[in-house]
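Novice: Make a model of this:
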Amino acid sequence: MSTQTTRMSDSMEFNNMIPILVALILVVFTYVLLKQLFGKAKGNTVIMVGIEGSGKTALYAQLVAGKEVQTQASITENSSQLTNPPFKIVDVPGNARLRGDIFAKYSKNVRGVVVVVDSADFVDHVRECSEVLYEVLLNSDVQKSKCPVLLFCNKQDEEMSRGPDPIRSAMERELTTLNNTAVNALSDDSG
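Specialist: Residues are numbered from 1 along each chain as shown. Model prediction:
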């Protein structure tokens, strides 16, 4: 009888352990799943991009040095490592021939993109500004990272500047046109 009692006692102890084992397995499974979904290290680079004259370098200097500086057209990128919070900020030149390669150089480690638009001169450059945003949104590194993209309406203090809502609306219309053009071009190529 004592052997049977021991077996029953062992069986009851094992039955009491089942919920603990299930909970432990569930915790390990959840940890592995979350590590797979969110385990990739986020980039640490914020890229500022826009057309020439949009004010990227002035904004960059304000963020990095905390003061206004006289700027001119950039032919190379400006970059600085900030400490609080820690991230790198990169000011990409506005020249279309330089912009793509320099953007690609930093997009592998992107944490966010700031598309800078000159609010005072926007009407004359809506297509060009929208093309920059379109290129950013189609960039595979930006898409993989799912980083935020901020449309920064610069020079709001100038008399003829447009507000953020009209700029957003105009760019949405232009992005739709750009996308439709690209889709139609692909349709024409395929037969």
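Novice: send the alpha carbons of the lengthiest strand in the chain over as CSV?
Specialist: Among the segments of the chain that qualify as a strand by DSSP state E, the longest is strand 110-118. Extracted in CSV, the C-alpha atoms of strand 110-118 (Å, rounded to 0.1, in the frame of the first residue of the first chain):
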residue,chain,number,x,y,z
VAL,A,110,17.4,55.2,-40.3
ARG,A,111,15.3,55.9,-37.3
GLY,A,112,13.3,58.8,-38.8
VAL,A,113,13.2,61.1,-41.8
VAL,A,114,12.4,64.8,-41.8
VAL,A,115,11.3,66.1,-45.2
VAL,A,116,11.8,69.9,-45.1
VAL,A,117,9.6,72.1,-47.2
ASP,A,118,10.0,75.8,-47.8
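Novice: residue ranges for the strands of this protein, please.
Specialist: Secondary structure of the chain, counting by DSSP E: strands at 45-49, 78-83, 86-91, 110-118, 149-154.
Novice: Not counting its own residues, what contacts the first one?
Specialist: It refers to strand 45-49. 56, 59-60, 87-92, 94, 99, 103, 106-107, 109-116, 132, 136, 152 (C-beta atoms under 8 Å, 6 or more residues apart in numbering). Heads up, the C-betas are built off the backbone N, CA and C, glycines and all.
Novice: Can you flag the buried ones in those?
Specialist: The neighbour-count criterion (16 or more other C-beta atoms under 10 Å) marks 56, 59-60, 87-92, 94, 99, 103, 106-107, 109-116, 132, 136, 152 among the contacts of strand 45-49 as buried.
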